[in-house]
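>>> My questions are about this predicted structure, shown below with the sequence.
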Amino acid sequence: MTQERGKVYLVGAGPGDVAYLTVKAYNLLAAAQVLIYDALVDAQLLQCVPPDCLKLDVGKRGGKPSTTQAEINKLLVKHCQQGKQVVRLKSGDPLIFGRCTSEIEALKASGCDFELVPGISSALAAPLFAGIPLTDPVLSRTFAVFTAHEPEVLDWEALSRLETLVILMGGQHLPEILDQLVRHGRSHLTPIAIIRWAGTPDQQIWIAQLGNILEQTSELSLSPAVIVIGEVVGLRKYLQPENIYLDEIIRQQPGERHESTPTPQPMLSNFPPSSPLPLTGKTILVTRSVGQSSQFSDRLIASGATVIEMPTLEIGPPSSWEALDNAIAHLSDFDWLIFSSTNGIDYFFERLIAQGKDTRALAGVKIAVVGEKTAHSLKQHSIQADFIPPNFVADSLVENFPDKLDGKKVLFPRVESGGREVLVKELTAKGAKVIEVAAYQSCCPSGIPPVAELALQNRKVNVITFASSKTVQFFCQLTNKIFSNNSDASQFLEGVCIASIGPQTSKTCHALFGRVDVEAQEYTLDGLTQALITWATNS
């Protein structure tokens, strides 16, 4: 058997946020079998790969143990030769200070196929995020981009004569950069901007002059940062939209600032206060099923939130198909078929097809669904639900059922354990004969993504969302593993907003957390998004 040919894609991750990935880069991540990534790659991007993708952190961190370039080269060659589709993910653009030459040489020497995929360099993106143009017909007809990682090797005399300078990796050497430029003729009044964590919710911007920037930043960490020097920095106040502050400086995370650290003073315009997206500045942990669509996360991101996804459910087949297969074989015996989840629909139709049947087998059966999402899933099989309760909950289904239930035979494909016992009890109380069959099983994942774990441990999460009781239960199981030996285990949710999609989920939140802070009025993901927007606006 011929082994599939591997290939290495050297991909630019852009400035960080997944929104600034190229379409090609996103598609490559979605199909990656091996991901080899650098330290500055945003954690959100690690969630774009398939669940079974091998993820290898080879980031180089100053002063800390790092993977050598030789080891990185060997990893690329090894996995490519094993027939894998490998994504080598680099911050920004792979060929702008990306150390790609060595990796390409190693791949070529080993006969490995590779492709370069461009990304947006922070050298271009950071000034744009800060509202600073790098060119101007009068003030800047040219600009230079360089790294100050080794300032002693640079031609400062030549650089000082250029109108605009964009400096990467210069935070640690800022005093020397300033000294060299002033010594070689730049005025100490030359404007300078320092943009840290550009394009992320933690973005910080300092605006000053060469002569006084150290007064603002001398005791602060300026990595990773892009430094812009030149008269174009002064154009920032003219190019900002009129509904925002000109300098959104200093959005420090809790505990980052020391009492002795000077506080840079923001230079505010005469424009009215900002009108950011409603969830800007909020980090939201989304609990969901493994492999589930990220449409909810997309909604939150579109509203300004930073989203961390934490799968708390794994969905799979039931321990036995016998009961479901037997029910499908006798569908004509039933009056109603009830679906309370998209998972139930997916597995039901999978088994229907496995028995050589199609939707014609449902001709004499009426179908009720709980929730618009479940109804939409049913439509994907070209079937319109006969009944959708008005409030998207099981209680509403029984209260508003359009048919007399006495003597009716109802088929209810559901999760194997921990399903809707209340729904079955109430249907039975009204005289229905309910046949419950296991259509799928849900279980707790084995672990937590490192991004989510670190965010919880470091108390960087503002909101946790829950869309079912199971997600609440399994979230507790998973976090109990993290905090089992931590004396602060009972405090890790302190100050965190607990957001629930509806009454049943809220009931479980109350039982396990003792509270619910936000509950959707409409029990859908859109309703939960709107509830969070209302909460953020009023808080």
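Done, it's in. Residues are numbered from 1 along each chain as shown.

>>> and residue 533, that's in a helix?
Yes. Looking at residue 533 with DSSP: H, G, I helix; E, B strand; the rest coil, it is inside a helix.

>>> Where does residue 221 sit: helix, strand or coil?
Per three-state DSSP, residue 221 ends up coil.

>>> Show the residue spans covered by the strands in the stretch 401-539 of the chain.
Using DSSP state E, counting those that start in this stretch, the strands of the stretch 401-539 of the chain run over 409-415, 433-443, 463-466, 497-500, 518-519.

>>> need the contact list for residue 229.
164-165, 167, 181, 186, 190-193, 210 (C-beta atoms under 8 Å, 6 or more residues apart in numbering). All C-beta spots, glycine's among them, are computed from the backbone N, C-alpha and C.

>>> Residue 52 now?
Applying C-beta under 8 Å, 6+ apart, we find residue 52 in contact with residue 33.

>>> circling back: now pLDDT and distance to residue 202 too, for the contacts of residue 229, in a markdown table please.
Putting the contacts of residue 229 into a markdown table (pLDDT from 0 to 100; distance: C-beta to C-beta, whole Å) gives the following:
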| residue | pLDDT | distance to residue 202 |
| --- | --- | --- |
| 164 | 96 | 25 |
| 165 | 97 | 24 |
| 167 | 97 | 20 |
| 181 | 96 | 28 |
| 186 | 94 | 30 |
| 190 | 94 | 27 |
| 191 | 94 | 23 |
| 192 | 96 | 20 |
| 193 | 95 | 17 |
| 210 | 95 | 25 |
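
>>> and the residues you listed, which are buried?
Among the contacts of residue 229, those scoring as buried are 164-165, 167, 181, 186, 190-193, 210 (criterion: 16 or more other C-beta atoms under 10 Å).

>>> returning to what we had before: and which of the contacts of residue 229 is nearest to residue 323?
Proximity of the contacts of residue 229 to residue 323 (C-beta to C-beta) peaks at residue 193, which lies at 66.1 Å.

>>> what about the closest one, which SS state?
strand.

>>> now stretch 323-333, how far from the centre of its chain.
Centre-to-centre, stretch 323-333 and its host chain are 41 Å apart (C-alpha atoms, centre = their mean, to the nearest Å).

>>> Over to stretch 217-230?
Centroid displacement of stretch 217-230 relative to its chain, using C-alpha atoms, centre = their mean, is 26 Å.

>>> Give me the mean pLDDT for it.
For stretch 217-230, mean pLDDT is 89.

>>> for it, which positions count as buried?
For stretch 217-230, the neighbour count (16+ other C-beta under 10 Å) marks 217, 220, 222, 224-230 as buried.

>>> mind putting the strands of the stretch 401-539 of the chain in JSON lines, mean pLDDT and mean neighbour count included?
Shown next, in JSON lines, are those (pLDDT from 0 to 100; neighbours: other C-beta atoms under 10 Å):
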{"stretch": "strand 409-415", "mean pLDDT": "92", "mean neighbour count": "22"}
{"stretch": "strand 433-443", "mean pLDDT": "91", "mean neighbour count": "19"}
{"stretch": "strand 463-466", "mean pLDDT": "96", "mean neighbour count": "26"}
{"stretch": "strand 497-500", "mean pLDDT": "96", "mean neighbour count": "24"}
{"stretch": "strand 518-519", "mean pLDDT": "96", "mean neighbour count": "18"}
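
>>> among these, which is nearest residue 343?
Comparison of the strands of the stretch 401-539 of the chain against residue 343 by C-beta to C-beta identifies strand 433-443 as nearest, at 4.9 Å.

>>> Contacts made by the closest one with the rest, please.
With contacts defined as C-beta under 8 Å, 6+ apart, strand 433-443 is touched by 289, 313-320, 323-324, 326-327, 334, 343-344, 346-348, 351, 407-419, 424, 427-428, 470, 474.

>>> Going along the chain, name the helices of the stretch 151-300 of the chain.
Applying DSSP state H, counting those that start in this stretch to the stretch 151-300 of the chain gives helices spanning 156-160, 174-183, 213-217, 236-239, 295-302.

>>> Nearest to residue 45, out of the ones you listed?
When the helices of the stretch 151-300 of the chain are compared by C-beta to C-beta, helix 295-302 sits nearest residue 45, at 13.1 Å.

>>> Check which helices and strands the closest one is in contact with.
The helices and strands touching helix 295-302, judged by 3 or more C-beta pairs under 8 Å, 6 or more residues apart in numbering; DSSP states H and E, are strand 283-289, strand 306-316, helix 525-538.
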